[in-house]
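Asker: fold the stuff below for me.
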Amino acid sequence: MLVKIQKKKYIIPTSWDNVTCSQFQQLLLAKDIFDRIHVLTGIPREIAENLAWDSIQIILTAIEFSTDFTGLDGVNVYPKEFEGFDISQQPAHTILSVQGVIKSASNKFEDEFLKHLYCGVDILNIYVEQAKHTDETLSDINIYNEPITKWFGLMGFFLSKWVSFSISSAIYLTTNQANTKKKQVLKGSRRFPLISGLLNRLWRNSNKVQTIS
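Answerer: Predicted coordinates for the structure are as follows:
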């Protein structure tokens, strides 16, 4: 939907298909309707605050979809080939990068659910950027500019794996502190061989992915 305010045109999204991953993250940080309007439409807060209430209602009706994140649950389910993905076998630098993302987000949210949704985009970006090192065809992908409906399923997959891994790691550290002096056999990381290929396929077939109605 296109609107004109003070001789300037603004595009008002009417579904999650028109929302980027970056906008999705910023929505999670929005404090009120004016923040939400600015994130989704680009209309400056000071302008939105001075619009007639009837005009605000028109915009809010158009972006009403953005108040319900559960509407994304069935979007773009991850490929079954990812079922063998094991966080504990990933390189240490990857794990530290993701842990840094989660720690940083902890300062922005009190709500754990919103915090993890916000982190999900950054975690997905970490894996996509790493996949670019082995597959140059992925070089044009900028996750933050991509539609959230295109990547939400895979984002949720990585996020759920990380939540499970964090819980397991906490339990492991608690129950195995007494064994730290014992001889340990260390091993190198094991890269998931399908990740770059699957990301490539997902990207190329983006027009075929399921989207919400």
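
Asker: now residue 10, what are its backbone angles?
Answerer: phi -130, psi 140 (degrees, to the nearest 10).

Asker: so how far is residue 55 from it?
Answerer: Distance, residue 10 to residue 55, using CB to CB, to the nearest Å: 11 Å. (C-beta placed from N, C-alpha, C; glycine too.)

Asker: what about those two, which has more around it?
Answerer: Remark: of residue 10 and residue 55, residue 10 carries more neighbours, 17 against 13, as counted by other CB atoms under 10 Å.

Asker: separation between the more buried one and residue 42?
Answerer: From residue 10 to residue 42 the distance is 6 Å (CB to CB).

Asker: so what's the one residue sitting closest to the centre of the chain closest to, chain neighbours aside?
Answerer: For the chain, the residue nearest the mean C-alpha position is residue 121 (2.2 Å; CA atoms, centre = their mean). Closest residue in space to residue 121, ignoring its immediate chain neighbours: residue 21 at 4.8 Å, by CB to CB, 6 or more residues apart in numbering.

Asker: and what of residue 26?
Answerer: residue 39 (4.4 Å).

Asker: counting neighbours, what do you get for residue 35?
Answerer: Residue 35: 15 neighbours (other CB under 10 Å).

Asker: for residue 108, same thing?
Answerer: 13.

Asker: thought residue 29 was touching it, still the case?
Answerer: Yes. Shown here, residue 108 and residue 29 form a contact pair, counting by CB atoms under 8 Å, at 6.6 Å.

Asker: quickly list what's touching both of these two.
Answerer: Among the neighbours of residue 108, those also in contact with residue 29 (CB atoms under 8 Å, 6 or more residues apart in numbering) are residue 118.

Asker: what is the lengthiest helix in the chain packed up against?
Answerer: Longest helix of the chain, by residue count under DSSP state H: helix 148-175. Applying 3 or more CB pairs under 8 Å, 6 or more residues apart in numbering; DSSP states H and E, one finds that helix 148-175 makes contact with helix 21-29, helix 92-106, helix 112-131, helix 195-204.

Asker: same question for it, mean pLDDT?
Answerer: For helix 148-175, the per-residue pLDDT values average out at 74.

Asker: what pLDDT does the residue nearest to the centre of the chain get?
Answerer: 94.

Asker: that one contacts residue 23, correct?
Answerer: No. Between residue 121 and residue 23 there is no contact, the gap being 10.1 Å when judged by CB under 8 Å.

Asker: what about residue 53, neighbour count?
Answerer: When neighbours are counted by other CB under 10 Å, residue 53 registers 8.
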